[in-house]
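Participant: Here's my sequence, what's the structure:
(one chain, ligands or ions: 2)
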Amino acid sequence: MAKSKIVFFCQECGFESAKWMGQCPACKAWNTFVEEPTVPKNSRGAKASPKEIASAVPTRLSQVSLQSQPRTLTGIGELDRVLGGGIVKGSLVLVGGDPGIGKSTLLLQMCRLLAQKSVPLLYISGEESLQQIKMRAQRLGNFEKDMMMLCETDLDIVEGVVRKYKPEIVIIDSIQTMYRQEIASAPGSVSQVRESTGVLMQLAKGLDITIFIVGHVTKEGVVAGPRVLEHMVDTVLYFEGDRHASYRLLRAVKNRFGSTNEIGVFEMGGGGLTQVTNPSEYMLNGRPQEASGSVVSCAMEGTRPILIEVQALVCRTNFNMPRRTAAGTDYNRVNLLMAVLEKRLGLPLDNCDCYVNIAGGMRLNEPAIDLAIVCAIISSYKNFAVSPKTIMFGEVGLTGEVRAVNMVEQRVAEAKKLGFSMCLVPQVNLKNVSGISGITVIGISSVQDVLKYIK
Ligand code: TYD
Ligand code: MG
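Facilitator: Ligands and ions are numbered 1, 2, ... in the order given. Purely as a prediction, here's the structure:
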């Protein structure tokens, strides 16, 4: 069974030693060692005393007083929104994502804004040198106020430094580079990642500081994904997006201090990330007018409606087997919808190639965009343009019926906001939107029905 261990830390440089020393071998400072117990590795190792057991009393729910958590606003509205309204003191936040997606950039930008508010910060990087961080920081704009940086991968030293300087916010970039010497396995292995997170959690709760942990999500087996530590942290944010497209989505997967339905939208550019406060406008940018095979629909990302353009190209095939592709949506779903069109509308699509694409690089698996996919295919096949002022959504079933979707009101309101004049919704959802004026809302019950309204 693991026992709690006493170690000595140099208060100057964080050097750790098993015994007290007069002079630190690392930084040569004198009389800087203090004794600090490390966290027992196995919590069962330290047994609660009878007094502690006796003093633990359950509380009634009604007697718990609610006091709002003090939150620090980062100044990046999209990030604050995903965090549930700002940074909560004493919380542990995991920011996960593919390598190169922009995690370090986002956190550095957050640091820049927080430094302006004189929040004490410590940015610990195990991946980049101080010069590299500085170079990136310069691309992001002026750092009017300083922040502290440290390049370190030894977690014991990291812990020592954090305890010594007690910043309000610490960034660990990344958890896969951190290691503890007592654990034999390599940095990035599951046991190292889990142990490191455990230590950081104790630090965050013990000192009441906020720690952001960066975690790379890579293919299984190579490096331990941050998924193993999702349950240990308070908040899990995933940063995602196509590396070749410039937009990025920040999604809350778990949040003990807010809703997980929130997303933040950013765009990666030459000067770092910029917020996209109106994602619908951004996604519809550059949309062709009066072109066949282009239809606008509304998808939901969490509670946020985002208008997207569905494109289809249908042309005669030169081969025995027609080619079909679906970019940004489910391939099998597109095949299924084409089969519905063949059977219910009698469209001879069997000798046609068909390419479906969600413009802008979004990935959507929501059935609500079925109706738009169907109409885009019809529009391209028959070579007529759907009115650019028309938007539609609805799930299409196997008999060609148009089925209900959720959050209809929000979707219609977003369409109205973006200046659309006609909205095709599932017939059964029509009652949900009776209160909205300023946009023509039409109920559709089947794919046969929709033909009347798109040309
Ligand atoms: P980075 O934040 O280093 O990714 P992560 O920490 O998630 O691994 O982002 C790296 C990518 O972002 C890199 O390919 C370059 C690009 N980038 C820009 O396009 N503009 C910028 O201003 C910055 C700082 C990075
Ligand atoms: Mg990075």
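
Participant: Show me what the longest strand that the chain contains is packed against.
Facilitator: With secondary structure taken from DSSP state E, the chain has its longest strand at strand 304-316. For strand 304-316, the packing partners by 3 or more CB pairs under 8 Å, 6 or more residues apart in numbering; DSSP states H and E come out as helix 279-284, strand 294-301, strand 352-358, helix 370-382, helix 408-417. C-beta here means a position set from N, CA and C on the backbone, and glycine is covered the same way.

Participant: for ligand 1, what are the nearby residues on the stretch 1-150 of the chain?
Facilitator: 97, 99-105, 136, 139 (CB under 6 Å from any ligand atom).

Participant: again, 8 Å this time
Facilitator: 97-106, 108, 127, 136, 139-140 (CB under 8 Å from any ligand atom).

Participant: What of the stretch 201-350 of the chain?
Facilitator: Residues of the stretch 201-350 of the chain lying near ligand 1 (CB under 8 Å from any ligand atom): 214, 216, 239, 243, 268-273.

Participant: ok, back up a step: emit the PyMOL select command for whichever of the residues of the stretch 1-150 of the chain next to ligand 1 are buried.
Facilitator: Only the buried entries of those go into this PyMOL selection, using 16 or more other CB atoms under 10 Å:
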select buried, resi 97+98+101+102+103+104+105+106+108+127
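
Participant: got the contact list for residue 272?
Facilitator: By CB atoms under 8 Å, 6 or more residues apart in numbering, residue 272 lies in contact with 105, 108-109, 139-141.

Participant: just curious, which of these is nearest to ligand 1?
Facilitator: Here the nearest of those to ligand 1, counting by CB to the nearest ligand atom, is residue 105; it sits at 3.4 Å.

Participant: Not counting residues beside it along the chain, what's closest to that closest one?
Facilitator: Among residues not flanking residue 105 along the chain, residue 272 sits closest, at 5.3 Å (CB to CB, 6 or more residues apart in numbering).

Participant: who's the one you found bridged to?
Facilitator: residue 269 (DSSP bridges).

Participant: quick one: residue 428 and residue 404 touch, right?
Facilitator: Yes. Using CB atoms under 8 Å, residue 428 is in contact with residue 404, at 4.6 Å.

Participant: thinking again about what came up before, and of the helices and strands packed on strand 304-316, who's closest to residue 234?
Facilitator: Residue 234 sits nearest to strand 294-301 of all the helices and strands packed on strand 304-316, at 22.3 Å, using CB to CB.

Participant: Give me the below-cutoff pLDDT ranges for this structure.
Facilitator: By pLDDT under 70, the low-scoring segments of the chain are 1-6, 9-14, 34-46, 68-69, 218-228.

Participant: May I ask you to name the longest helix in this protein?
Facilitator: helix 190-207 (DSSP state H).

Participant: What would that one look like as PDB? C-alpha coordinates only.
Facilitator: What follows is helix 190-207, C-alpha atoms only, in PDB (Å, rounded to 0.1, in the frame of the first residue of the first chain):
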ATOM      1  CA  VAL A 190      -1.800   6.300 -19.000                       C
ATOM      2  CA  SER A 191      -0.300   6.000 -15.600                       C
ATOM      3  CA  GLN A 192       1.800   9.100 -16.000                       C
ATOM      4  CA  VAL A 193      -1.100  11.100 -17.300                       C
ATOM      5  CA  ARG A 194      -3.500   9.900 -14.600                       C
ATOM      6  CA  GLU A 195      -1.000  10.500 -11.800                       C
ATOM      7  CA  SER A 196      -0.100  14.000 -13.100                       C
ATOM      8  CA  THR A 197      -3.700  15.000 -13.300                       C
ATOM      9  CA  GLY A 198      -4.300  13.700  -9.800                       C
ATOM     10  CA  VAL A 199      -1.400  15.900  -8.600                       C
ATOM     11  CA  LEU A 200      -2.800  18.900 -10.500                       C
ATOM     12  CA  MET A 201      -6.300  18.300  -9.100                       C
ATOM     13  CA  GLN A 202      -4.900  18.400  -5.500                       C
ATOM     14  CA  LEU A 203      -3.100  21.600  -6.400                       C
ATOM     15  CA  ALA A 204      -6.100  23.300  -7.900                       C
ATOM     16  CA  LYS A 205      -8.400  22.400  -4.900                       C
ATOM     17  CA  GLY A 206      -5.700  22.800  -2.300                       C
ATOM     18  CA  LEU A 207      -4.600  26.300  -3.400                       C
END
